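Peer 1: A structural model of the following input is requested.
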Amino acid sequence: MKLYGSLTSPYVRRLRIWLEHTDYEFVALDIFSQEGRKTLEAVSPARKIPLLELGKDTVYDSRVIFNYLNKKLQRETLNLEDENALTLIDEANQAFVQLFLLSKSGIDVQQDALYFNLQRERISNLMLHLEGMVSAGQFKQWNYPAICLYCLLDWAEFRELDPLDSTPALKDFRDHHLNHEYVKKTDPRLTT
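Peer 2: Residues are numbered from 1 along each chain as shown. Got it, this is the predicted structure:
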């Protein structure tokens with residue numbers, strides 16, 4: 001089993017943390033380098049990380065990889081509340097990633113334009129909703145949804161997209177999990 005991804009991707013990191021006690025090979029790619037893009041192109045028609053190779057089979061997308069491995073390894077049972085939480089986390093992650101990539105491309109994402117306004121509004125609403133979920137006691141168990149939330153929050157702070165000042169329950173949640181062994185081992189700050 002071989003997992004391809006970057007050392008800074010929150011989607012890859014969530015799988016690496018979840019797979020902490022599982023035997024697999026991790027192939028770290030710099031997806032912004034020419035060599036990394038070439039490797040990614042050779043293994044994924046979507047040119048997207050993470051992806052998992054299992055012999056002749058390839059599994060794309062972090063959520064599909066998790067569902068496939070979770071069924072195979074029989075590790076967690078997710079209910080509708082968990083699945084909905086994952087969707088909200090993924091939507092916030094996607095909006096943050098879009099703004100980050102556009103900013104990295106030299107585009108002013110703070111400008112007053114429909115796309116940017118919608119993304120910022122979406123992020124704000126999702127973060128407040130996730131704040132309420134944490135405040136209400138969701139994500140107490142260190143399982144895949146909690147790992148995904150942690151990776152979203154830590155990545156947003158790492159990329160200086162959200163210092164979490166307006167969401168104290170999310171900040172406390174993130175800070176509470178900073179010392180997990182594999183959280184520390186997969187910290188994207190170690191790569192920069």
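Peer 1: how's this protein carved up into domains?
Peer 2: Using automatic domain parsing, the domain parsing of the chain gives 2-75, 80-184.
Peer 1: With respect to Thr191, which of those domains lies nearest?
Peer 2: domain 2-75 (4.2 Å; CB to CB). Backbone N, C-alpha and C define where each C-beta goes, glycine included.
Peer 1: Reformat the domains of the chain as a markdown table; add mean pLDDT and distance to Thr191.
Peer 2: Supplementary listing: the domains of the chain in a markdown table, determined by pLDDT from 0 to 100; distance: least, CB to CB, whole Å:
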| stretch | mean pLDDT | distance to Thr191 |
| --- | --- | --- |
| domain 2-75 | 93 | 4 |
| domain 80-184 | 96 | 10 |
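Peer 1: Can you check which of those domains gets nearest to Leu190?
Peer 2: Closest among the domains of the chain, using CB to CB: domain 2-75, at 7.6 Å.
Peer 1: Just the buried residues of the biggest helix by length in the chain, please?
Peer 2: Determined from DSSP state H, the single longest helix within the chain is helix 80-104. Buried residues in helix 80-104, counted by 16 or more other CB atoms under 10 Å: 82, 85-86, 88-90, 92-93, 95-100, 103.
Peer 1: Check which helices and strands that helix sits against.
Peer 2: Judged by 3 or more CB pairs under 8 Å, 6 or more residues apart in numbering; DSSP states H and E, helix 80-104 is in contact with helix 10-18, helix 114-135, helix 144-158.
Peer 1: at 10 Å what do you get?
Peer 2: The elements that helix 80-104 packs onto, with contact taken as 3 or more CB pairs under 10 Å, 6 or more residues apart in numbering; DSSP states H and E, are helix 10-18, helix 62-73, helix 114-135, helix 144-158.
Peer 1: Quick one: list the elements packing against the longest one.
Peer 2: Right, helix 114-135. For helix 114-135, the packing partners by 3+ CB pairs under 10 Å, 6+ apart are helix 80-104, helix 144-158, helix 168-176.
Peer 1: one step back: just the angle between the longest helix of the chain and helix 62-73, please?
Peer 2: 140 degrees (axes from the mean of the first three to the mean of the last three CA atoms, to 10 degrees).
Peer 1: Now do helix 80-104: distance to the chain's middle.
Peer 2: 8 Å (CA atoms, centre = their mean, to the nearest Å).
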